[in-house]
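> dropping the sequence and predicted coords here.
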Amino acid sequence: MKKLLIATTNTNKFQEMKEVLQGLSFQFLHLKDINFSGTEPQETGETFKENAIIKAEFYGKKTGLLTLADDSGLKITALLHKLGVKTKRYTKGTDEDRYKTLLGEMARVPKAHRKAKFISVTALFDPETGETKTTRGICNGWIGYKPKGTNGFGYDPVFIVDKLGKHFAELTLREKNQFSHRAKALNKMRVFLKTLEKED
């Protein structure tokens, strides 16, 4: 069975990605599965696509494995020049620290200006060919006034999905993967992975 390295240090993200890709004939590997102990790549890109490529190619070249990476984040109407590729680095601390800082900054922002979207770009690097393929997914929604739900990670407790009117953190993993930005990007990548799964 062909190996596919899902290059993330975030175990929650790994589980999400693995769940979407279930059914493909790959052995899905976490960085811990290969005892990777090197430094993490510097995410110096100005776009999600650039950072996804940086991560996929970094780990793929280091390990020699077919490597899938994701870069994702929030874009919020009221905070046009914040978050984006810096979503994880928006403020120091835990996920809770970050979304609480966000809620505090948006405390007086009316609902009409709380529109937001989660964006994900996945990148697949094949060390055998040196080629990298990318796909993109978007989930539209808005930022709630308080956190809700206990599932998910990151900003899931404060992001409300337009089509559902529910916070991501209220959804099960399977439910989230029907609507999320990451699942949409991965389902596009899945089509390409199907062509690779039976190759030696």
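Here it is on my side, so go on.
> spatially, what comes nearest to the residue nearest the centre of the chain if we skip its sequence neighbours?
Geometric centre of the chain, nearest residue: Ser72, 4.4 Å, by Cα atoms, centre = their mean. Distances taken as Cβ to Cβ, 6 or more residues apart in numbering place Ser120 nearest to Ser72, at 3.9 Å, with adjacent residues excluded. For the C-beta atoms, the positions are set from N, CA and C on the backbone; glycine is no exception.
> that older thread, in contact with the residue nearest to the centre of the chain: list those residues for me.
Going by Cβ atoms under 8 Å, 6 or more residues apart in numbering, Ser72 touches 48, 87, 118-121, 181-182.
> wait, Tyr155 sits on Thr91?
No. Tyr155 is beyond contact range of Thr91, at 11.7 Å (criterion: Cβ atoms under 8 Å).
> please enumerate the strands of this structure.
2-6, 26-29, 67-76, 115-126, 131-143, 159-161, 166-167 (DSSP state E).
> mind listing what the shortest one pairs with, with the direction of each?
Sheet pairing of strand 166-167 (DSSP bridges) gives strand 159-161 (antiparallel).
> and the strand it pairs with, how far from the chain's centre?
Its chain's average C-alpha position is 15 Å from that of strand 159-161, according to Cα atoms, centre = their mean, to the nearest Å.
> tell me which residues of that strand are tucked away?
For strand 159-161, burial by neighbour count (16 or more other Cβ atoms under 10 Å) applies to 159-161.
> repeat that for stretch 110-122.
114, 116-122.
> residues in contact with the nearest residue to Leu193 once chain neighbours are set aside?
Nearest residue to Leu193, sequence neighbours excluded (Cβ to Cβ, 6+ apart): Leu24, at 5.7 Å. With contacts defined as Cβ under 8 Å, 6+ apart, Leu24 is in contact with 4, 190, 193-194, 197.
> list only buried entries from the residues you listed.
4, 190, 193.
> now render these as JSON lines, adding pLDDT.
JSON lines is the format used below for the buried ones among the contacts of Leu24 (pLDDT from 0 to 100):
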{"residue": "Leu4", "pLDDT": "97"}
{"residue": "Arg190", "pLDDT": "95"}
{"residue": "Leu193", "pLDDT": "95"}
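> with respect to Met106, which of these is nearest?
Arg190 (34.8 Å; Cβ to Cβ).
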